[in-house]
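>>> can't give you the sequence, but here's the structure:
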């Protein structure tokens with residue numbers, strides 16, 4: 001009988017100790033592909049039998065451990081409300097982003113005018129989420145909420161047949177295939193996420209856009225106020241925004257009279273045709289330094305810098321940059337993320353132009369089906385969420401927001417009336433899906449094995465085999 005040297009060597013290993021999992025053979029120094037080829041050969045010659053079994057394991061995430069020990073956000077919110085209704089802005093020690101949705105889903109609370117009320121008797125409520133985590137009852141909901149990591153692993157075990165056990169190794173001739181492919185050399189390549197970011201930049205440039213840059217630390221004036229975001233908006237609270245201690249305040253002198261125009265716009269609408277928010281405006285809040293939460297802060301800075309006497313409209317600008325939010329880090333959230341923002345400034349622009357720019361960008365990034373769904377943002381009207389179709393999952397996935405800047409944003413910062421198309425789109429989601437990852441933190445890991453296994457990214461990543 002003829003066997004390759006690999007198959008003969010694995011056969012000898014199995015003679016001494018069997019059955020063995022592929023992983024056990026790998027631990028003994030054999031390459032994974034070496035083991036797979038050898039076992040396949042032994043099975044084809046009825047010398048061994050390979051079985052496969054899928055094993056599933058669960059592990060609490062950091063957030064899951066916290067919920068197990070301290071209770072779920074929705075239950076802790078219910079605890080806060082058991083003695084009476086509370087204004088949401090007064091609740092500090094609960095992750096409201098999660099708690100509100102889950103509590104309302106369970107019909108525990110009602111919300112009216114920013115005031116939350118417990119509609120169930122607190123004594124009748126049970127924290128099933130925390131209990132399930134403690135007892136190891138891991139459901140799909142717990143996995144989807146990022147409280148539990150689920151891992152599926154295919155375990156292959158090889159065992160010799162009677163023929164393999166009784167084979168006289170002295171009668172085995174080693175077969176050498178001089179035409180077999182050698183193991184390819186691993187040469188260096190760029191991280192796939194870096195490729196995607198660079199391709200996004202190149203795409204905007206090819207579409208005629210100029211790249212703009214901005215600081216990571218910006219005054220709240222740029223990050224919020226100039227974008228017509230109310231000073232009592234929840235996004236300005238500590239649970240969403242990183243505030244800078246040193247220096248804690250920015251000098252707004254460079255924006256001149258535009259600070260007064262923004263202030264008046266918030267209070268009574270100034271000359272924009274709006275009535276504003278009819279509330280007082282505090283310049284000390286606008287001076288507070290923050291780590292930018294979106295690259296739209298750079299877009300509004302560019303509006304401020306535009307000089308109508310020197311610029312021929314329309315003008316198109318973009319940025320692919322990092323942003324920072326005070327998020328709980330888990331498999332779908334990071335405190336840092338990339339975003340691509342863009343603005344088009346002109347006199348005769350309309351929503352059709354906006355749809356054209358956004359759709360063309362995503363088509364160049366590998367998506368055939370793109371749609372715009374009505375949404376709400378404080379600084380655009382009309383506003384839409386940009387969604388792309390994921391054929392494998394048969395779902396539409398949100399990739400960011402877009403719209404036309406409101407006059408309350410354009411006129412105070414640009415200094416004249418114009419139409420401004422604007423968007424802020426997610427880049428991590430594209431990389432996340434293209435690389436087939438289940439944990440977004442992998443995007444920032446320099447795992448050589450993962451990088452080697454991930455194909456070089458191309459805009460046709462979702463069109464099948466790229467090899």
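Here it is on my side, so go on. Worth saying up front: this structure is predicted, and the values here are computed from it rather than measured. Numbering: from 1, shown residues only.
>>> Where does pLDDT dip in the stretch 301-450 of the chain?
The model of the stretch 301-450 of the chain has pLDDT under 70 over residues 309-311.
>>> now do 90
307-313, 326-335, 347-348, 365-368, 389-395, 397, 415-417, 426-450 (pLDDT under 90).
>>> And the strands in it?
Under the criterion DSSP state E, counting those that start in this stretch, the stretch 301-450 of the chain contains strands at 315-324, 336-346, 370-377, 380-390, 395-405, 419-426.
>>> so after the strand or helix carrying residue 36, what's the next helix or strand?
Following DSSP states H and E, one finds residue 36 within helix 32-44. Of the helices and strands lying after helix 32-44 in sequence (DSSP H and E), the nearest is strand 48-60.
>>> elements contacting that following strand?
helix 32-44, strand 148-160 (3 or more C-beta pairs under 8 Å, 6 or more residues apart in numbering; DSSP states H and E). In this view, the C-beta of every residue, glycine as well, is placed from N, C-alpha and C.
>>> So what touches the last one?
The reference is to strand 148-160. 10-11, 14-15, 18-23, 25, 39, 42-43, 47-61, 64, 133, 138, 142-143, 331, 439 (C-beta atoms under 8 Å, 6 or more residues apart in numbering).
>>> among the strands of the stretch 301-450 of the chain, which is the most enclosed?
strand 419-426 (a mean of 23; mean count of other C-beta atoms under 10 Å).
>>> Direction included, what does that one pair against?
Sheet pairing here is set by DSSP bridges, and for strand 419-426 it gives strand 336-346 (antiparallel), strand 395-405 (antiparallel).
>>> relative to strand 370-377, how tilted is the last one?
Okay, so that is strand 395-405. 60 degrees (axes from the mean of the first three to the mean of the last three C-alpha atoms, to 10 degrees).
>>> Next: the first one.
Strand 336-346 and strand 370-377 are oriented at 90 degrees to each other (the same axes, to 10 degrees).
>>> Name all residues that make contact with residue 287.
Residue 287 sits next to 219, 220, 221, 249, 250, 251, 252 when contact means C-beta under 8 Å, 6+ apart.
>>> tell me which of those residues is nearest to residue 321?
residue 219 (17.2 Å; C-beta to C-beta).
>>> how close does residue 454 sit to residue 443?
Per C-beta to C-beta, to the nearest Å, residue 454 is found 11 Å from residue 443.
>>> So for those two, which residues contact both of them?
Common neighbours of residue 454 and residue 443 (C-beta under 8 Å, 6+ apart) are residue 435.
>>> How about the secondary structure of residue 134?
What DSSP: H, G, I helix; E, B strand; the rest coil gives for residue 134 is helix.
>>> so where does the nearest residue to it once chain neighbours are set aside fall, helix or strand?
Nearest residue to residue 134 in three dimensions, chain neighbours excluded: residue 68, at 5.4 Å (C-beta to C-beta, 6 or more residues apart in numbering). Element membership of residue 68, judged by DSSP H and E, is helix 62-70.
>>> What's the end-to-end length of stretch 49-69?
46 Å (C-alpha to C-alpha, to the nearest Å).
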